[in-house]
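>>> A predicted structure for the sequence below; I have some questions about it.
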Amino acid sequence: MKKIVLLVVVLFVYVMNMYAQSEICVIFTSTQSEVKGVRHYISPKDSKRFCDRVHIFTLLDRTNKAQKYSYVFVYTPLRSEDLVFLRDTTFLKEVPLIDWDKVSSKQEAESLYESILSCDRIYFIDRTETVDGKLKVYPVKKWKPAMY
């Protein structure tokens with residue numbers, strides 16, 4: 001009987017871990033230069049309605065032709081639960097954090113990109129968009145050409 005109970009408990013823990021939601025937060029200081037860093041582009045900027053604006057985040061480095069990369073993520077506020085939300089800086093202690101400003105090589109970028117994609121929920125935080133000491137947190141998805 002004890003073996004059966006132990007087996008059920010082990011199976012339950014295994015299944016729960018398999019379906020656990022993982023999350024990661026990428027923090028950066030956005031730049032408008034085309035050389036290196038993270039570009040945060042809002043399209044269309046003239047839209048009056050917030051839900052019509054698409055935020056495109058591009059993680060890029062084009063300083064060296066042999067080492068260049070570009071990864072694109074998108075935030076589209078289609079539903080109310082997808083809206084940007086403000087969080088205290090203590091939020092950064094609760095989730096695994098990647099500081100994209102510290103990425104120095106293409107190999108490191110590729111490794112971090114793979115770890116980002118392995119998570120169920122991805123959040124982007126732009127350091128230039130702090131509001132009253134709170135961080136704007138964008139729930140993003142990997143951009144796919146079929147999305148638009």
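Here it is on my side, so go on. Quick caveat, the model's predicted, so the values are computed rather than measured. Numbers count the residues shown, from 1 in each chain.
>>> helices or strands up against the one helix or strand residue 112 maps to?
Per DSSP states H and E, residue 112 falls inside helix 106-117. Using 3 or more C-beta pairs under 8 Å, 6 or more residues apart in numbering; DSSP states H and E as the contact test, the elements touching helix 106-117 are strand 23-28, strand 54-61, strand 69-75, strand 97-99. In short, each C-beta sits where N, CA and C put it, glycine included.
>>> quick one: closest of these to residue 132.
With respect to residue 132, and counting by C-beta to C-beta, the nearest of these is strand 23-28 at 17.9 Å.
>>> make sure residue 58 is actually in contact with residue 100.
No. Counting by C-beta atoms under 8 Å, residue 58 stays clear of residue 100, with 11.0 Å between them.
>>> find residues that contact each of these two.
Taking C-beta atoms under 8 Å, 6 or more residues apart in numbering as the contact rule, residue 58 and residue 100 both touch residue 38.
>>> so where's this protein uncertain?
The model of the chain has pLDDT under 70 over residues 2, 5-21, 34, 45-52, 78-84, 145-148.
>>> residue contacts, the residue of it positioned farthest from its centre?
Here the chain reaches farthest from its C-alpha mean at residue 1, the gap being 46.1 Å by C-alpha atoms, centre = their mean. If a contact means C-beta under 8 Å, 6+ apart, then residue 1 has no contacts.
>>> same check on residue 111?
Listed by C-beta under 8 Å, 6+ apart, the contact set of residue 111 is empty.
>>> before we move on, what about residue 43?
53-54, 56.
>>> okay if I get the residues you listed as CSV plus neighbour count and distance to residue 104?
Formatted as CSV, the contacts of residue 43 follow (neighbours: other C-beta atoms under 10 Å; distance: C-beta to C-beta, whole Å):
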residue, neighbour count, distance to residue 104
53, 16, 32
54, 18, 30
56, 16, 24
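>>> got CSV for those residues, with distance to residue 22 too?
Shown next, in CSV, are the contacts of residue 43 (distance: C-beta to C-beta, whole Å):
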residue, distance to residue 22
53, 28
54, 25
56, 24
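>>> check which helix or strand residue 141 maps to.
Counting by DSSP H and E, the element that carries residue 141 is strand 135-142.
>>> related to what we said a few turns ago, just the contacts of residue 43 now: which is nearest residue 31?
Relative to residue 31, the closest of these is residue 56; by C-beta to C-beta it sits at 14.0 Å.
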